[in-house]
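> requesting a structural model of the entry that follows:
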Amino acid sequence: MRAYSSVLVALALAACSVERSEPRTAGGDADKSFKPTQYSVADFYANKNFFGASFSPDRQRVLVGSNLSGIWNAYTVPVAGGEPEPLTTSTTNSIFPIAYFPNDSRILYSSDEGGNELSHVYVFSPNDRNVVDVTPGKKLTASFAGWAGDDKSFFVTTNERDSRYFDLYEVKTDGLAKSLLYKNTDGYLIADVSRDKRYLALVKTYTTSDQDIFLHDLQKNATTNITKHTGTVNNSPADFTPDGTKLLFVSDSGREFASLRSYDLLDGSKKTVYEQSWDIAGASFSKSGRYLVVGVNEDSKYAARILDARTFQPVSLPGMPTGLVRGVNVAPNDSLVAFYASEGSTPDELYVATFGQAPRRLTTALNPKMKREDLVVPQVVRFKSYDSLEIPGVLYKPHQASPEQKAPAMVLVHGGPGGQAQVGYFELTQALANRGYVVFDINNRGSSGYGKTFNQMDDRKHGEADLGDVVAAKRLLASLGYVDTTKIGIIGGSYGGYMTLAALTLQPDAFKVGVDLFGISNWSRTLNNIPPWWEAFREALYKEMGDPKTDSARLHRISPLFNADKIKAPLMVLQGANDPRVLQVESDEIVAAAKKNGVPVEYVVFPDEGHGFVKKENEIRGYSGILAFLDTHLKGEKPLAADSAASVTVPVTGTDSTKGAAKK
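Okay, the predicted model is just below:
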């Protein structure tokens, strides 16, 4: 979606270096004289996290989201420098800021109830602290869909009319009157609105790697498929040009990797405007149309290029910080650009720059107690899998690991199933590396970012072809020379949680321990309980994973629940009671089944979380529990006292008592 009061692209920018203290990297020889200070999980969460960067109309402040208070709230950061100032002070449900209004101090934000994913869009007025829910209703989910070109209105999508489909509404900035702009009865995904409000870019998804773009003319009430094709082609809208004559879109038609193309709204002609040897992830114009931010998914690292929108040539930004820059946002009058930077070992820092001048940092994210040299910069590596296919991933090497002092290791599996392990900061990963665990964040076959052939290699082969890569990753770890091959575990969340359970049940001798965060244990049940607002994606998911009505035998075969008697490794499971994607019963049943085998099982249910964490307190407790569990059952050592203390307040229980927690 385009939110062109600033260019909101959560991507990254290739950058040159400036002088600063650098932490040691994941590769190379260990410095045997260097012993990093070991920190608790709570220490890592004393770091500051920020996202978003919407400029105020006077360009004196930047709107950001932060979990400084323990959950996400809206803050402003002065462009001239200074501490973040809270705008919202929620203590229950997280608030995720979207943008400033173009011409006044009001902001938009989204929020749900306890992680149930029924998000609403709100208008908040800082002056009188008035809050207006512009998408009210009990059983709906809504999202922001951009500003009109004249800034007199904005757009939201909601499924209030029909829980299966999202309609498009226009909301006036003056008075907040809402009116239906497009009634979606055909199951499209609404991707973008032209600035003159004439055209909509819609998406029809057939599979997770095959979709078309439909152009809807609101004046003529006509819808046209502008990407008709044969075979498997992934087409996705990017942004309408400011003058309303073209639609930029991303397509892998005729290519292994997607390129950026344009569609002429007048004559229907198409041409390629920007391509790289990696996937183009998206593009967005600045408000004026002078700049175009293009995202490239470059070998597990998102790289954004700021281009001159007329020539598609790169715009020089001198003095950029080392590493990846995310969230590139251009002020509406093109006077400033904001972004976040990190090389992956510390949280992103917010920077602001005037074009042509060196940026200045506005935040200090790292906990003063922590030293950068104790943390680990990730490194992209590759290995040959069971069938010689090259598999990439992101490696975190503890500073203390060496051939003389071999370390335990964890294979980390991302969600999806078509997700991607990427270079970036994640508290749990850094905590594991800091505490002496090698972490390999694998991009098994089926991951995105490595071409459409690679992405489709696990279709209808989940828990088999992709699991083979995960198990084969042990070969990579053994080849490093500093891994204790008798102490290799597996961890993952969502689909990665399923892969953890699949490894422990389908290949029970492969790993010594497993940690599952809200993972699927029964595929037929999960696919039969897809939230109604995923209706447009249902068939695509069935085509990739299998239809529970016609493919039940295979889904039964790869479901961990029906192979749980094979579990022999210690298992830890984390689950959100409000999770609408992976129901709590998925974890309840696998835990009960594993306990019958007499193996150590720890089960943590969070009554105020959904599919993932939004509350810092819960992350600290959950991840402290993971570190304590691994120290005990994989490393074979006494857990760090601070982690043990933090985790004891979590309800680590069996299925009987946690069912009660889910009802709260």
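> residues touching the residue most central in space within the chain, list them.
Closest residue to the average C-alpha location of the chain: Gly419 at 8.5 Å, with Cα atoms, centre = their mean. Counting by Cβ atoms under 8 Å, 6 or more residues apart in numbering, Gly419 makes contact with 447-448, 495-496. Heads up, the C-betas are built off the backbone N, CA and C, glycines and all.
> go with 10 Å
By Cβ atoms under 10 Å, 6 or more residues apart in numbering, the residues touching Gly419 are 413, 443, 446-449, 493-496.
> against Asp551, how distant is the closest residue to Leu583 other than its chain neighbours?
Leaving out its chain neighbours, the residue that sits closest to Leu583 by Cβ to Cβ, 6 or more residues apart in numbering is Asn529, at 6.2 Å. Distance of Asn529 to Asp551, computed by Cβ to Cβ, to the nearest Å: 16 Å.
> the helices in the stretch 551-664 of the chain, which residues?
Listed in chain order, the helices of the stretch 551-664 of the chain (DSSP state H, counting those that start in this stretch) span 552-558, 584-595, 616-630, 641-647, 655-662.
> returning to what we had before: helix/strand/coil for the residue nearest to the centre of the chain?
coil (DSSP: H, G, I helix; E, B strand; the rest coil).
> if we can go back for a sec, in strands, which of the contacts of Gly419 appear?
Under the assignment DSSP state E, the contacts of Gly419 contribute 413, 493 to strands.
> of all pairs in the contacts of Gly419, which one is the farthest apart?
Greatest spatial distance in the contacts of Gly419: Gly449 and Gly493, 18.3 Å, computed using Cβ to Cβ.
> for this protein, which spans come out with low pLDDT?
Scanning the chain for pLDDT under 70 picks out 1-33, 648-664.
> one more time with 80, if that's ok
For the chain, applying pLDDT under 80 flags the ranges 1-33, 303-304, 322-325, 531, 533-537, 539-540, 642, 645-664.
> got the domain boundaries for it?
Listed by automatic domain parsing, the domain ranges of the chain are 41-361, 376-662.
> need the buried ones from the contacts of Gly419 selected in PyMOL.
Burial among the contacts of Gly419 is assessed by 16 or more other Cβ atoms under 10 Å; the matching PyMOL selection reads:
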select buried, resi 413+443+446+447+448+449+493+494+495+496
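> ok, so of the contacts of Gly419, who is nearest Gly468?
Gly446 (11.2 Å).
> that closest one touches Gly468, doesn't it?
No. Contact criterion Cβ atoms under 10 Å: Gly446 and Gly468 do not qualify, at 11.2 Å.
> show me whatever sits in contact with both of these two.
Common neighbours of Gly446 and Gly468 are listed as 458, 461 (criterion: Cβ under 10 Å, 6+ apart).
> against Ala142, how distant is Val413?
Applying Cβ to Cβ, the value for Val413 to Ala142 is 32 Å.
> likewise for Leu517?
According to Cβ to Cβ, Leu517 and Ala142 sit 27 Å apart.
> same question, Ala53
Applying Cβ to Cβ, the value for Ala53 to Ala142 is 23 Å.
> okay, those two: which has more neighbours?
The neighbour comparison of Ala53 against Ala142 (other Cβ atoms under 10 Å) goes to Ala53, with 30 against 25.
> list the contacts of the more buried one.
6-8, 62-65, 77, 97, 99, 326-331, 336-340, 350-352, 362.
> and the closest residue in space to it that isn't next to it in sequence, bridged to which residues?
Of all residues beyond its chain neighbours, the one nearest Ala53 is Ala338 (3.8 Å), with distances taken as Cβ to Cβ, 6+ apart. When bridges are taken as DSSP bridges, the partners of Ala338 come out as Asn329, Val352.
> tally of neighbours for Ala338?
Using other Cβ under 10 Å, the number of residues around Ala338 comes to 26.
> you'd agree it is up against Thr363?
No. Counting by Cβ under 10 Å, Ala338 does not reach Thr363; the two are 11.0 Å apart.
> joint contacts of those two?
The contact sets of Ala338 and Thr363 overlap at 62, 64, 77, 350-351 (Cβ under 10 Å, 6+ apart).
> just those: which are in strands?
Mapping the shared contacts of Ala338 and Thr363 onto strands (DSSP E) picks out 62, 64, 77, 350-351.
> which pair of the residues you listed spans the longest distance?
Between all members of these, the farthest pair (by Cβ to Cβ) comes out as Val64 and Tyr351, at 12.1 Å.
> neighbour count winner among those two?
Comparing Val64 with Tyr351 by neighbour count (other Cβ under 10 Å), the higher total belongs to Val64, at 25 against 21.
> now do the same contact list for that one.
Per Cβ under 10 Å, 6+ apart, neighbours of Val64: 49-54, 73-77, 84, 87, 97, 327, 338, 340, 350, 362-363.
> how about Asn221?
Residues near Asn221 by Cβ under 10 Å, 6+ apart: Tyr182.
> pull up the gap between it and Tyr169, please.
In terms of Cβ to Cβ, Asn221 sits 17 Å off from Tyr169.
> ok, Lys220 next?
Distance from Lys220 to Tyr169, counting by Cβ to Cβ: 20 Å.
> neighbour count for those two, which is higher?
Set side by side, Lys220 and Tyr169 show more neighbours around Tyr169, with 23 against 9, by other Cβ under 10 Å.
> quick one, helices of the stretch 301-450 of the chain?
For the stretch 301-450 of the chain, the helices defined by DSSP H, counting those that start in this stretch cover 427-434.
> which parts of it are strands?
For the stretch 301-450 of the chain, the strands defined by DSSP state E, counting those that start in this stretch cover 302-308, 324-330, 336-342, 349-354, 360-361, 379-384, 390-396, 407-413, 438-442.
> and if you look at the stretch 51-200 of the chain?
Under the criterion DSSP E, counting those that start in this stretch, the stretch 51-200 of the chain contains strands at 61-66, 73-78, 85-86, 96-100, 107-111, 120-125, 130-133, 142-147, 153-162, 165-172, 178-182, 189-193, 199-207.
> out of those strands, the one nearest Glu464 is which?
When these are compared by Cβ to Cβ, strand 199-207 sits nearest Glu464, at 18.6 Å.
> other SSEs contacting the closest one?
Other helices and strands packing on strand 199-207, by 3 or more Cβ pairs under 10 Å, 6 or more residues apart in numbering; DSSP states H and E, are strand 178-182, strand 189-193, strand 210-217, strand 222-225, strand 235-240, strand 246-251, helix 535-545.
> bridged to Glu170, which residues?
Beta bridges link Glu170 to Phe155, Ser179 when assigned by DSSP bridges.
> pretty sure Leu476 is in a helix, no?
Yes. Counting by three-state DSSP, Leu476 is found in a helix.
> do I have it right that it meets Val381?
Yes. Here Leu476 reaches Val381: they are 7.1 Å apart, a contact under Cβ under 10 Å.
> quick check: neighbours shared by the two?
What both Leu476 and Val381 touch, as defined by Cβ under 10 Å, 6+ apart, is the set 391, 393, 395, 440.
> quickly list what the third one is bridged to.
In this structure, Leu395 has the following beta-bridge partners (DSSP bridges): Gln379, Phe440.
> could you measure from it over to Asn455?
Distance, Leu395 to Asn455, by Cβ to Cβ: 22 Å.
> quick one, which of these two is more surrounded?
Asn455 (25 against 22).
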